[in-house]
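A.B. asks: Just the structure for this:
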Amino acid sequence: MTKGDSHHLDTVEKLRAIVGEPGAGIELKVYDHLEEEAIAHIASTPFIVLATSDAEGNLNASPKGDEPGFVVVEDERTLVIPDRPGNRLAYGLTNMVANPRVGVMFIIPGTTETLRVNGSVELRSDPELLTRLEARGKPAILAIRVTVEQCFFHCSKAFLRSKLWKHETWPEHPKVSFGRMFVRRIEGADANLADIIDRSVEEDARTNL
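C.D. replies: Numbers count the residues shown, from 1 in each chain. As a prediction, the model looks like this:
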C-alpha cells in the first residue's frame, strides 16, 4: 500500500460506498436470543465452526462435529457445546480463557442456509454436565457454555455459488499426509517415519473419537 492509495478501504464510509447500506427491514432477522427456527436448526446440526480470539485479537476457527443435536440448547439464551478428545493444542480453548467472545456457525449438510450465533462463553467441568454430554460411552472432556447475544440466519448465496452440496461437482478426495509434513521438519528423519505417523493418526481417528 502506498501513501494516499485511494483503493485502500480504511474507513467505514469508503466501504459503504462500495457495498451499500443494509436494506430496509433487514435488521428484523437479527435476534438477541434463539427463536424457534434457530432451535430447530441446532437440533439438526452435526457440524459447527467455533470462532475465538485471544486477548491480542489473534483469531482461530475450529471445526466441531458429532451426531445431529450434539450442541445442547438449555434455553433461548444458552447453548452448551461439548469438547471431545483432540490434538491438545487447545488454541480455541486457551483463547476462550483469555477472551470470552465467540462466534458459532451451524451447518447442516444439504441445507444452504447457515445459522450464526455470537455471544460470550465460559468453560465448565461439572461432572454432571459432562456426563449429560456423553457420546459413544464417553463423557465430554469439558463443556463450552455460550450465552447468546446475537442470532441470525445467513442466506444461501455462499453455498449456491460454491455448489458445496452438489456432489457431482466435488473433486477427487485429496489425502492429507501429516507424516510427510512432519518429516520435512525433522532433520535426518527416516523415510519410513511418515508412514508410521500417518498410520498412528488414522488409528487415533478410529479409536479416540
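
A.B. asks: which SS class is the residue nearest to residue 79 when sequence neighbours are not counted?
C.D. replies: Leaving aside its sequence neighbours, residue 79 sits nearest to residue 146 (CB to CB, 6 or more residues apart in numbering; 4.3 Å). Placement of C-beta: from N, CA and C, glycine included. Under DSSP: H, G, I helix; E, B strand; the rest coil, residue 146 falls in the strand class.

A.B. asks: hang on, residue 146 packs against residue 77?
C.D. replies: No. Counting by CB atoms under 8 Å, residue 146 stays clear of residue 77, with 9.2 Å between them.

A.B. asks: between the two, who's got more neighbours?
C.D. replies: residue 146 (24 against 15; other CB atoms under 10 Å).

A.B. asks: just the strands in this structure please.
C.D. replies: Remark: strands assigned in the chain by DSSP state E are 47-53, 59-65, 72-75, 78-83, 101-107, 114-124, 142-154.

A.B. asks: Quickly run through the sheet partners of the second one, with directions.
C.D. replies: With DSSP bridges as the test, strand 59-65 is paired with strand 47-53 (antiparallel).

A.B. asks: tilt between the partner strand and strand 78-83?
C.D. replies: 100 degrees (axes from the mean of the first three to the mean of the last three CA atoms, to 10 degrees).

A.B. asks: Please export the alpha-carbon coordinates of strand 47-53; PDB is fine.
C.D. replies: Taking C-alpha atoms only, strand 47-53 is exported to PDB below (Å, rounded to 0.1, in the frame of the first residue of the first chain):
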ATOM      1  CA  PHE A  47     -21.200 -29.700  12.300                       C
ATOM      2  CA  ILE A  48     -20.200 -26.300  13.600                       C
ATOM      3  CA  VAL A  49     -17.400 -23.800  13.300                       C
ATOM      4  CA  LEU A  50     -16.400 -22.100  16.500                       C
ATOM      5  CA  ALA A  51     -14.500 -18.800  16.100                       C
ATOM      6  CA  THR A  52     -12.400 -17.400  19.000                       C
ATOM      7  CA  SER A  53      -9.900 -14.700  19.600                       C
END
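
A.B. asks: buried set for that strand?
C.D. replies: 48-53 (16 or more other CB atoms under 10 Å).

A.B. asks: In CSV, list the C-alpha atoms belonging to the lengthiest helix in the chain.
C.D. replies: The longest helix of the chain (DSSP state H) is helix 193-207. The C-alpha coordinates for helix 193-207 follow below in CSV (Å, rounded to 0.1, in the frame of the first residue of the first chain):
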residue,chain,number,x,y,z
LEU,A,193,8.6,-42.3,9.7
ALA,A,194,6.0,-40.6,7.5
ASP,A,195,4.1,-43.9,7.1
ILE,A,196,4.3,-44.6,10.8
ILE,A,197,2.9,-41.2,11.7
ASP,A,198,0.1,-41.5,9.2
ARG,A,199,-0.9,-44.9,10.5
SER,A,200,-0.9,-43.5,14.0
VAL,A,201,-3.1,-40.6,13.0
GLU,A,202,-5.6,-42.9,11.3
GLU,A,203,-5.7,-45.2,14.3
ASP,A,204,-6.4,-42.3,16.6
ALA,A,205,-9.2,-41.1,14.4
ARG,A,206,-10.8,-44.6,14.5
THR,A,207,-10.4,-45.2,18.3
